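Visitor: The following comprises the amino acid sequence and a computationally predicted model.
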Amino acid sequence: MNEPDFIAALRALPLHPAARGLLDDCAVLPVGGETLLVTHDMLAEGTHFRADADMADVAWKLVATNLSDLAAKGAEPVGVLLGHMLGRDDARFLKGLGEALETLGVPLLGGDTVKGTGERALGLTAIGRATHAPVPSRSGARAGDGVWLTGPVGRAMLGFEGDREHRAAFDRPVPRLAEGRALAPLASAMMDVSDGLLLDAFRMAEASGVTIALDLRDIPVADRARAEECIRWGDDYELLFTAPPEARLPVPAHRIGTVTARAAAPLLLDGKAFAEPAGLGYRHG
């Protein structure tokens with residue numbers, strides 16, 4: 001079973017309203033007078049990190065990728081729960097975990113530790129507090145909105161390949177928490193770019209029932225000669241958002257396209273229609 005099929009099967013199970021139909025990055029859970037954002041991401045050896053990766057970097061990335069989901073909701077982090085599989089270099093993992101928690105401003109709440117065999121899988125649950133209502137979602141884009149991106153894509157790809165200038169973008173990404181909080185009152189839809197800009201834009205268009213038209217020349221990329229790869233590779237953790245034309249953005253961002261009424265396909269790139277998500281970015285299975 002591939003990832004889309006598995007998620008579709010999950011939607012047939014009893015879901016809490018906070019799950020938003022499993023169509024968003026976080027559960028949105030009202031508790032008393034607050035709204036909590038809850039997300040869980042995993043990193044798998046051989047997929048998200050190499051077998052010889054510095055485990056301090058792996059720990060940092062595990063925290064950062066989860067906080068990036070909170071950033072896309074304009075949330076303020078409350079704390080994290082760790083799911084750790086013991087293995088090589090656990091001391092290095094703890095060092096990187098401490099650095100991430102201190103630098104990114106989030107405390108550890110608890111979690112679980114297990115001993116296993118084979119390749120490692122590590123998980124983290126991040127909990128945040130909404131700073132604006134309504135909480136941004138993937139589904140709010142409307143015709144006439146501009147499509148914006150907070151920074152370049154493709155840096156993680158180059159870092160993965162060994163480019164020293166961009167190595168930190170792959171090993172130790174920085175979630176756009178401040179930008180997300182600033183944009184939450186203005187963005188009609190928002191999500192982080194984790195699986196590739198094209199695929200994530202496709203998902204936003206699908207969730208919103210619109211078409212997103214992107215202009216390749218306007219998309220900031222780490223390597224213009226490899227722009228097509230940069231917009232598909234993923235792991236960038238910039239924020240992709242839409243905003244009405246009259247919005248005055250509080251943070252630097254690049255306008256990369258326009259939202260239109262739903263046409264034959266959810267995504268256009270320089271006028272070329274993409275009706276299916278295959279080949280647009282990274283999917284498990």
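Guide: Sure thing, it's come through.
Visitor: Pop the domain breakdown of the protein in here.
Guide: If you go by automatic domain parsing, the domain ranges for the chain are 8-130, 146-274.
Visitor: Dump those domains to TSV, plus mean neighbour count, mean pLDDT and distance to residue 139.
Guide: Heads up, the C-betas are built off the backbone N, CA and C, glycines and all. Below are the domains of the chain laid out as TSV (neighbours: other Cβ atoms under 10 Å; pLDDT from 0 to 100; distance: least, Cβ to Cβ, whole Å):
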stretch	mean neighbour count	mean pLDDT	distance to residue 139
domain 8-130	17	95	7
domain 146-274	20	97	4
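Visitor: Hmm, residue 159 is touching residue 173, no?
Guide: No. Under the contact definition of Cβ atoms under 8 Å, residue 159 does not touch residue 173, with a separation of 9.3 Å.
Visitor: coming back round to it: for the domains of the chain, give me TSV that also has distance to residue 280.
Guide: Conversion of the domains of the chain to TSV gives the following (distance: least, Cβ to Cβ, whole Å):
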stretch	distance to residue 280
domain 8-130	17
domain 146-274	4
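Visitor: Residue 283 is nearest to which of the ones you listed?
Guide: In this view, the domains of the chain are compared for proximity to residue 283 by Cβ to Cβ, and domain 146-274 is the closest at 6.9 Å.
Visitor: Ends of the closest one, what's the gap?
Guide: Across domain 146-274, the terminal residues are separated by 19 Å (Cα to Cα, to the nearest Å).
Visitor: So what's the gap between it and the chain middle?
Guide: The chain centroid and the centroid of domain 146-274 are separated by 10 Å under Cα atoms, centre = their mean, to the nearest Å.
Visitor: Residue 2 is nearest to which of the domains of the chain?
Guide: Closest approach to residue 2 among those is made by domain 8-130 (9.9 Å; Cβ to Cβ).
Visitor: what about the closest one, start to end distance?
Guide: By Cα to Cα, one end of domain 8-130 lies 27 Å from the other end.
Visitor: ok, now stretch 108-124?
Guide: First residue to last in stretch 108-124 (Cα to Cα) measures 10 Å.
Visitor: residues in contact with it?
Guide: Where contact means Cβ atoms under 8 Å, 6 or more residues apart in numbering, the residues beyond stretch 108-124 that reach it are 40-46, 51, 58, 62-63, 65-66, 79-87, 97, 101, 125, 127.
Visitor: same thing but at 6 Å, please
Guide: If you take Cβ atoms under 6 Å, 6 or more residues apart in numbering as the criterion, stretch 108-124 is touched by 42-46, 62, 66, 79-87.
Visitor: now, which of those residues lie within helices?
Guide: The members of the contacts of stretch 108-124 that map onto helices under DSSP state H are 62, 66.
Visitor: residue ranges of the helices in this structure, please?
Guide: 3-10, 55-71, 90-104, 155-160, 167-171, 177-183, 197-208, 227-233.
Visitor: Quick one: closest of these to residue 147.
Guide: Within the helices of the chain, the stretch nearest residue 147 is helix 197-208; the backing value is 7.2 Å (Cβ to Cβ).
Visitor: which other helices and strands contact the closest one?
Guide: In terms of contacts (3 or more Cβ pairs under 6 Å, 6 or more residues apart in numbering; DSSP states H and E), helix 197-208 is packed against strand 189-192, strand 210-214, helix 227-233, strand 267-269.
Visitor: please redo it, this time with the cut-off set to 8 Å
Guide: Here helix 197-208 is seen to pack against strand 189-192, strand 210-214, helix 227-233, strand 239-243, strand 254-261, strand 267-269 when contacts are counted using 3 or more Cβ pairs under 8 Å, 6 or more residues apart in numbering; DSSP states H and E.
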